[in-house]
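Trainee: Take this sequence and fold it.
(2 chains)
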Amino acid sequence: MYDTLIGKQRGLVFPVMCNGHVRIDYSDNVPSTSDNQAYGIFSHEGSFTFESILTPYDINGFGQYSASAVSTNTTTTSTQKVMPTAGEANKTNTDFQSNVYIPLETRLTHEMNIFSSTNFTISLVNSTLHNENQPAEYKIRVTIKLGSDQTVTTDRAVITATSGFGWFYTADTLEGFDKNGRVTHVVGGVTNGTNSAETIPVASTAKFHEDQEVFIRDGFNFTSLGTISSLASSPNRIILNTAPSSSISSSTNIFIPAFKDSIYINNQFHIACVYNEASKEIRIFLDGILVKKQTISTSNTFSMAQEDYFIGASSNNGTGAGSATANKQFMGELHEMSMIRTIKKQFFVNNLLPNLDDTLFYFRFEEVDI
Amino acid sequence: MTEVSTLVALSRPTTTVTKSTTTATINDEELPISDTSDILIGMKVSGTNIEDNTIVTAITTDTNITMSKEASGNGATGTLTFTKTAFDTPTNPELCVSTTSTSVDTFGVVVAEESSGTITLTSVGRSTLANCNAIQNSNVVTLSSGNTNSLYVGQSVNGTGFTGTQARIENIISSTEFALTEKASANATNATYVLGLEHRNLSVTEGIRIKCFDDIIQTGVRLNSIDLTTTHLFVMIHSDNANKHHFAKVSEIFTDDINGDSFEFRPKLGNEIAKNVKFKLFSTPISNSITEVAVGLGIKSTLASSISLSRPLFYFFDENLDKKNELDHNKKYSLFYSELDFISGATDALSATSFFTTTPDFGTDIIDYSKYTLKTRLVDNLKNQDNPATHTSNEGYTTLLDYTPFSRDACFTNARRDANDSITGAGDQDYTGPYRYLSYGFSKDKANLSYNVLDQLLFESMGAKGILA
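Mentor: Residues are numbered from 1 along each chain as shown, chains lettered A, B, ... in the order given. Purely as a prediction, here's the structure:
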């Protein structure tokens, strides 16, 4: 048998700052609700496998924690794939269109619905504390109604930014390389005294900001000290959210992450959710690899609601300032999506090949003119 | 009130609004109508006593509109038909050109990616001759000062007594006298005539080439001073015949006998171009700030009533477009326009006159390939809010201007993001950033991989590297 390149696949593009969705309308598909003649996905009960191939965009943008003017950092205003820059100082400033669309403090936790219905929803959730040198990083979240809503979220962000770059010499990167020779961290500052609990005196706080994770070097490893809860001056010091487990001596380098890049905006990911009615187990896969599983203790059975379903947003369908949050607006590219009524344990991750007999829906998002 | 020379792109067919009959007043741009509900600035209006190609330029009250042209007569208008414009146009839209000049019989249109500013055009080969004297019904022109040394037979002449004609120099009688192919319609005393707005092909040439200068008899227009690396040079062939217009871009300037005496253009015009075929040349500096996608210059005003933004009236910069010879889908464009007046000056400036958006490339249906073939719909709220009838900012920006297709930031503001994200005030808004409409794009190549294929038939080669099954 062959593996063959066939045709030229297209995807549905949801640009950054869009407002739209795909609607599977119940009344368009089921002639009469009174006769309860629902079929297919509208009458589905029990196990299922949901699969999608998609590309998420970066909804954080390259922020500047202390910048007050966008004009100082406008590099992200030229692409559909990265949210415009927003500075922490302007996180609620409505002078910036992207802040009106979705405020900075909201986009850090923004949820993007891939598929949405009352009884089954799968989404990507941005899980970042700030956006300075921090592209959006996504967890996968699944909500299934088994009597009550059961939400399963991956323990960590699974679609992440790349970090680090090939080694080269600067004063900041001299000691930031790991055992592979990649510069994964850079020096943010140097202590000029011994810490007192959470407070660490440093020579300069210029490269630190709130919510930033800081590290110390331990051989070829970098050990997290926690995140910065506040900065102080005279004398300069950083105050962490937790006290280091051991004392930090003077003249110790405090490291911060090296340059991060949202390289995922140019890649595609296979995301799958498998629900097993017999075991009540929910499994989440990324690129065919199991990233989360959880068994629900319940005697309830799963069934799809007889209603409209939404792809790329919630059912909110709102417009206006900040509506993207309630809409749970997806921003990225949807290449394929399918749902079948059986359980899959292995996946082809570059495209979907659902068995026709078992398929509840299968969208390729190829443009059609009918 | 004054008439306004302008143009708009028409929306897809059958999108009209009708209003009951009203009364027009001759020579008045103001028109009372029963009500202005559903009427939008930029609509094309037609009815009895209404000039062709009239456009609504303002809605002054709930029962009154202003038109681009004066009413042509007094009395009932009959049922007024308003045609929707600017939103959801085809990718080769029909244009409604509302010309007003009686002295200029051509116009020019440049379609560019959304932008403002002006495009300066120069009529190549244009010159002037002062101190010209003509007598009505005579074809002889006498110079009261100066000489005929720089003139040549076949050179076009425009001026008093020869306005709007195809007058050309028929014979150079002496150093102070020359005869034209037309007779003067009026006396001229010490008038300044404009020469060389229109040129002739000086020999039979192949379909992509024109002989523009004859070095032996010093006739025609020579292009030795034009640098095509810094200048767009366009040619309207059959410039005197609206039914034969062929607009093209000069691709190369040649040296047959002397530098700049012939040129080639694209796209080609048949296999052969006859001798004496008329043409006009226009040049404009290549702009860094304006991205032209379609250009049509020197179009006869007689075509204003039904001009389609398509070949052969327009040249398309295919390198800036997804498909050949048509605009991109779901995009916002600027229409730069001017009635080309090279009589009063050597240059003319086309300004961004109106704006329009093209229709999405495909419908709102998405195919479900399962056995249930579910009906699904694509909903783009931004596109819906950009409908002129809705005209709402998705961000609810309070200083959003009233809809008009004649102002860049007062129409289709949801199509694109603000260029620098700053929307501090109305003057700071500049919606020229990346597009926000939902669209289709190509997936990564690996998405085309199909596994475990039992058999395959190969239909088409993908370049020299592979096979498309």
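Trainee: pretty sure B:T176 contacts B:N147?
Mentor: Yes - if you go by C-beta atoms under 8 Å, B:T176 and B:N147 touch, sitting 6.3 Å apart. In this view, the C-beta of every residue, glycine as well, is placed from N, C-alpha and C.
Trainee: who has more neighbours, these two?
Mentor: Neighbour totals were compared for B:T176 and B:N147, and B:T176 leads with 15 against 11 (other C-beta atoms under 10 Å in any protein chain shown).
Trainee: Nearest spatial neighbour of the more buried one, chain-adjacent residues omitted?
Mentor: Nearest non-adjacent residue to B:T176, counting by C-beta to C-beta, 6 or more residues apart in numbering or on different chains: B:L143, 4.5 Å away.
Trainee: Check A:G164 too.
Mentor: Using C-beta to C-beta, 6+ apart, the closest residue to A:G164 is A:T184 (4.0 Å).
Trainee: Check the one you found and give its pLDDT.
Mentor: What the model reports as pLDDT for A:T184 is 85.
Trainee: Give the full set of residues in contact with it.
Mentor: A:T184 sits next to A:S163, A:G164, A:G176, A:F177, A:D178, A:F222, A:P257, A:A258 when contact means C-beta atoms under 8 Å, 6 or more residues apart in numbering or on different chains.
Trainee: Report the contact partners of the third one.
Mentor: The reference is to A:G176. Listed by C-beta under 8 Å, 6+ apart, the contact partners of A:G176 are A:V183, A:T184, A:H185, A:V186, A:V187, A:F255, A:A258.
Trainee: Determine which two of the residues you listed are furthest apart.
Mentor: Pairwise distances across those peak at 12.3 Å for A:T184 and A:V187 (criterion: C-beta to C-beta).
Trainee: quick one, helices of chain A?
Mentor: For chain A, the helices defined by DSSP state H cover A:26-29, A:97-101, A:104-107, A:323-327.
Trainee: quick one, which of these is nearest to B:F279?
Mentor: Of all the helices of chain A, helix A:97-101 comes closest under C-beta to C-beta, at 47.5 Å.
Trainee: The closest one and chain B, are they touching?
Mentor: Yes - using C-beta under 8 Å from any C-beta of the partner chain, helix A:97-101 reaches chain B at A:Q97, A:S98, A:V100, A:Y101.
Trainee: And stretch A:121-133, by the same measure?
Mentor: No - applying C-beta under 8 Å from any C-beta, one finds stretch A:121-133 separated from chain B by no less than 13.6 Å.
Trainee: Buried residues, that stretch. List them.
Mentor: For stretch A:121-133, the neighbour count (16 or more other C-beta atoms under 10 Å in any protein chain shown) marks A:T121, A:I122, A:S123, A:L124, A:V125, A:N126, A:S127, A:T128, A:H130, A:N131, A:E132, A:N133 as buried.
Trainee: And stretch B:224-231, by the same measure?
Mentor: So, applying 16+ other C-beta under 10 Å, buried residues of stretch B:224-231: B:I226, B:L228.
Trainee: measure that stretch end to end?
Mentor: 13 Å (C-alpha to C-alpha, to the nearest Å).
Trainee: now do stretch B:127-146
Mentor: 14 Å.
Trainee: For chain A, which helix or strand comes out least confident on mean pLDDT?
Mentor: strand A:165-166 (a mean of 68; mean pLDDT, DSSP states H and E).
Trainee: Could you pull up the residues touching A:G188?
Mentor: Per C-beta under 8 Å, 6+ apart, neighbours of A:G188: A:K207, A:F208, A:Q212, A:V214, A:I254, A:F255, A:I256.
Trainee: Could you report the separation of the fourth one from A:N241?
Mentor: Separation of A:V214 from A:N241 (C-beta to C-beta, to the nearest Å) stands at 10 Å.
Trainee: Between the two, which is the more surrounded one?
Mentor: Remark: of A:V214 and A:N241, A:V214 carries more neighbours, 23 against 14, as counted by other C-beta under 10 Å.
Trainee: Which strand residues bridge the residue nearest to B:T176?
Mentor: B:C132 (DSSP bridges).
Trainee: where does the stretch 101-250 of chain B have low pLDDT?
Mentor: Applying pLDDT under 70 to the stretch 101-250 of chain B flags no residue at all.
Trainee: Chain A contacts on that one?
Mentor: For the stretch 101-250 of chain B, the contact set with chain A under C-beta under 8 Å from any C-beta is empty.
Trainee: Of all residues in the stretch 101-250 of chain B, which one is closest to chain A?
Mentor: For the stretch 101-250 of chain B and chain A, the shortest gap (C-beta to the nearest C-beta) falls at B:E113, measuring 13.8 Å.
Trainee: can you give me phi and psi for that residue?
Mentor: With angles defined as degrees, to the nearest 10, B:E113 sits at phi -60, psi 150.
Trainee: burial of A:T205, as a residue count?
Mentor: 16.
Trainee: State the distance from it to A:S230.
Mentor: Plainly put, A:T205 is 10 Å away from A:S230 if you go by C-beta to C-beta.
Trainee: Equivalent analysis for A:I256, please.
Mentor: To A:S230, A:I256 is 16 Å away according to C-beta to C-beta.
Trainee: what does B:L31 give?
Mentor: Per C-beta to C-beta, B:L31 is found 67 Å from A:S230.
Trainee: Pick out whichever of these two has more residues nearby.
Mentor: Neighbours were counted for B:L31 and for A:S230 using other C-beta under 10 Å; B:L31 has more, 25 against 13.
Trainee: quick one, what contacts that one?
Mentor: B:T22, B:A24, B:V45, B:I50, B:N64, B:I65, B:T66, B:M67, B:A71, B:T77.
Trainee: got the phi/psi numbers for the residue in the stretch 151-300 of chain A that chain B sits nearest to?
Mentor: Of all residues in the stretch 151-300 of chain A, the one sitting closest to chain B is A:Q268 (5.2 Å; C-beta to the nearest C-beta). Dihedral pair for A:Q268: phi -130, psi 150, per degrees, to the nearest 10.
Trainee: Tally up the residues packed near it, please.
Mentor: When neighbours are counted by other C-beta under 10 Å, A:Q268 comes out with 23.
Trainee: Tell me who's in contact with it.
Mentor: Contact partners of A:Q268, counting by C-beta under 8 Å, 6+ apart, are A:I53, A:L54, A:T55, A:E333, A:H335, A:N350, B:S443, B:K444, B:K446, B:A447.
Trainee: May I ask you to confirm that the last one belongs to a strand?
Mentor: Yep, that's B:A447 we're talking about. No - B:A447 is assigned helix when assessed by DSSP: H, G, I helix; E, B strand; the rest coil, not a strand.
Trainee: For it, give its distance to A:P257.
Mentor: Distance, B:A447 to A:P257, by C-beta to C-beta: 31 Å.
Trainee: Show me what the most centrally placed residue in chain B is bridged to.
Mentor: Residue closest to the average C-alpha location in chain B (C-alpha atoms, centre = their mean): B:V109, at 1.8 Å. Here B:V109 sits in beta bridges with B:G296, B:Y337, going by DSSP bridges.
Trainee: how close does it sit to B:S98?
Mentor: Applying C-beta to C-beta to B:V109 and B:S98 gives a distance of 12 Å.
Trainee: swap in B:E30?
Mentor: For B:E30, the distance to B:S98 - C-beta to C-beta - is 16 Å.
Trainee: neighbour-wise, which of those two wins?
Mentor: Applying other C-beta under 10 Å to B:E30 and B:S98 shows that B:S98 carries more neighbours, namely 22 against 16.
Trainee: May I have the predicted confidence score for the more buried one?
Mentor: Here, the pLDDT recorded for B:S98 equals 91.
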